[in-house]
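Asker: Quick one, fold the following:
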Amino acid sequence: QVQLVESGGGLAQAGGSLRLSCVASGSIASINVMGWYRQAPGKQRELVAAITTTGGTTTYADSVKGRFTISRDNAKYTMYLQMNNLKPEDTAVYYCHAVGLRGNYWGQGTQVTVSS
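Answerer: Next up, the predicted model:
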């Protein structure tokens with residue numbers, strides 16, 4: 001089993017920045033990929049960014065390219081999402097996600113609200 005705990009959400013103004021963190025615990029060695037998803041009210045959950053645990057290959061949704069940066073610190077079992085130039089349409093609950101040998105794991109989510 002893998003446990004994921006997010007932090008760092010909150011309220012920001014348009015053009016501002018926030019940094020999300022996700023700390024993993026449990027069967028960490030089994031994790032291959034970690035990522036951030038988000039879900040806005042009335043919308044489907046969507047992938048924001050993902051990173052491989054070895055090699056650090058990243059992928060981003062087109063809507064956040066150039067504004068968000070995903071990174072990880074394997075020594076701290078932590079993944080980050082640096083969000084710059086935030087827009088009101090970035091408002092959503094952001095979820096940490098991990099893909100391991102035995103399945104997919106989700107954090108509890110953290111709210112990000114961007115005011116115009």
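Asker: And the residue nearest in space to the middle of the chain, which helix or strand is it part of?
Answerer: For the chain, the residue nearest the mean C-alpha position is residue 36 (2.7 Å; CA atoms, centre = their mean). Secondary-structure assignment from DSSP states H and E places residue 36 in strand 31-39.
Asker: mind checking how far the residue lying closest to residue 97 once chain neighbours are set aside is from residue 103?
Answerer: Nearest non-adjacent residue to residue 97, counting by CB to CB, 6 or more residues apart in numbering: residue 35, 4.8 Å away. All C-beta spots, glycine's among them, are computed from the backbone N, C-alpha and C. Separation of residue 35 from residue 103 (CB to CB, to the nearest Å) stands at 15 Å.
Asker: So between those two, which is more surrounded?
Answerer: Neighbour count, other CB atoms under 10 Å: between residue 35 and residue 103, residue 35 has more, with 21 against 10.
Asker: ok so, going back, and the strand holding residue 36, which strands flank it?
Answerer: Taking DSSP bridges as the criterion, strand 31-39 sits next to strand 46-52 (antiparallel), strand 92-100 (antiparallel) in its sheet.
Asker: Deepest-packed of the ones you listed, please.
Answerer: The highest mean neighbour count among the strands paired with strand 31-39, using mean count of other CB atoms under 10 Å, belongs to strand 92-100: a mean of 21.
Asker: If you count contacts, what does the very next helix or strand once past that one end up packed against?
Answerer: Downstream of strand 92-100, the first helix or strand assigned by DSSP H and E is strand 103-106. Using 3 or more CB pairs under 8 Å, 6 or more residues apart in numbering; DSSP states H and E as the contact test, the elements touching strand 103-106 are strand 2-7, strand 92-100.
Asker: Output the strands paired with strand 31-39 in JSON lines; the columns should cover mean pLDDT and distance to residue 5.
Answerer: As requested, the strands paired with strand 31-39 are exported to JSON lines (pLDDT from 0 to 100; distance: least, CB to CB, whole Å):
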{"stretch": "strand 46-52", "mean pLDDT": "97", "distance to residue 5": "18"}
{"stretch": "strand 92-100", "mean pLDDT": "96", "distance to residue 5": "8"}
